[in-house]
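Novice: need coordinates for the below:
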Amino acid sequence: MPISETILLIITAVVTAISALFCIIALATPRWTLLFGLYCSGCSTASSGLSIVAFILLFAATILIFLFVLRILPKATRFLSILVLFLASIFTLSSFAAFWDSSSGYSYKLMVVAHFLCYIASVIAAFWLGTSHETLIARPN
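Specialist: Just a heads-up that it's a prediction; the model follows:
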């Protein structure tokens, strides 16, 4: 039984929105390590910048996918959702990789969860893109 394109897009948008939620919570909470948060004096600022860009990309991906659900965007731009989710996945991974510390706190772990959910959303979006192009491939009779 084939899965509806709309259902796949809604699932992808919900997973992406939850990933963005975890990302913004990780940005707002003060425990990236057991001693200090992301915004401390003398800390590396690369991770905070990468986290902000990741959140913006996740938010943009959520809006983009909802526009596909509402059929506002043309089908020729379907690859944009995969591209934005892939970039968001790279930035979430870079964010917590740039801040590695042996004593990671709960905010750091929230960013790891955000990356995992972004990766899952990318896989679902890739599945959707593959099934939506299925009709374009000529099948032998």
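Novice: residue 61 sits in which helix or strand?
Specialist: Element membership for residue 61, per DSSP states H and E: helix 46-69.
Novice: quick one: average confidence on that helix?
Specialist: Averaging the model's pLDDT scores along helix 46-69 yields 91.
Novice: helices or strands next to it in the packing?
Specialist: When contacts are defined as 3 or more Cβ pairs under 8 Å, 6 or more residues apart in numbering; DSSP states H and E, helix 46-69 packs onto helix 5-28, helix 79-97, helix 106-132. All C-beta spots, glycine's among them, are computed from the backbone N, C-alpha and C.
Novice: just the CA trace of the shortest one, in PDB.
Specialist: The C-alpha atoms that make up helix 79-97 are tabulated as PDB, following Å, rounded to 0.1, in the frame of the first residue of the first chain:
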ATOM      1  CA  PHE A  79      14.700  19.200  -4.300                       C
ATOM      2  CA  LEU A  80      14.900  22.400  -2.200                       C
ATOM      3  CA  SER A  81      13.500  20.600   0.800                       C
ATOM      4  CA  ILE A  82      16.200  18.000   0.700                       C
ATOM      5  CA  LEU A  83      18.900  20.600   0.100                       C
ATOM      6  CA  VAL A  84      17.800  22.800   3.100                       C
ATOM      7  CA  LEU A  85      17.400  19.800   5.400                       C
ATOM      8  CA  PHE A  86      20.800  18.500   4.300                       C
ATOM      9  CA  LEU A  87      22.400  21.900   5.100                       C
ATOM     10  CA  ALA A  88      20.600  22.000   8.400                       C
ATOM     11  CA  SER A  89      21.900  18.600   9.300                       C
ATOM     12  CA  ILE A  90      25.500  19.600   8.500                       C
ATOM     13  CA  PHE A  91      25.100  22.800  10.600                       C
ATOM     14  CA  THR A  92      23.600  20.900  13.600                       C
ATOM     15  CA  LEU A  93      26.400  18.300  13.400                       C
ATOM     16  CA  SER A  94      29.000  21.100  13.100                       C
ATOM     17  CA  SER A  95      27.500  22.900  16.100                       C
ATOM     18  CA  PHE A  96      28.000  20.200  18.600                       C
ATOM     19  CA  ALA A  97      31.200  18.900  17.000                       C
END
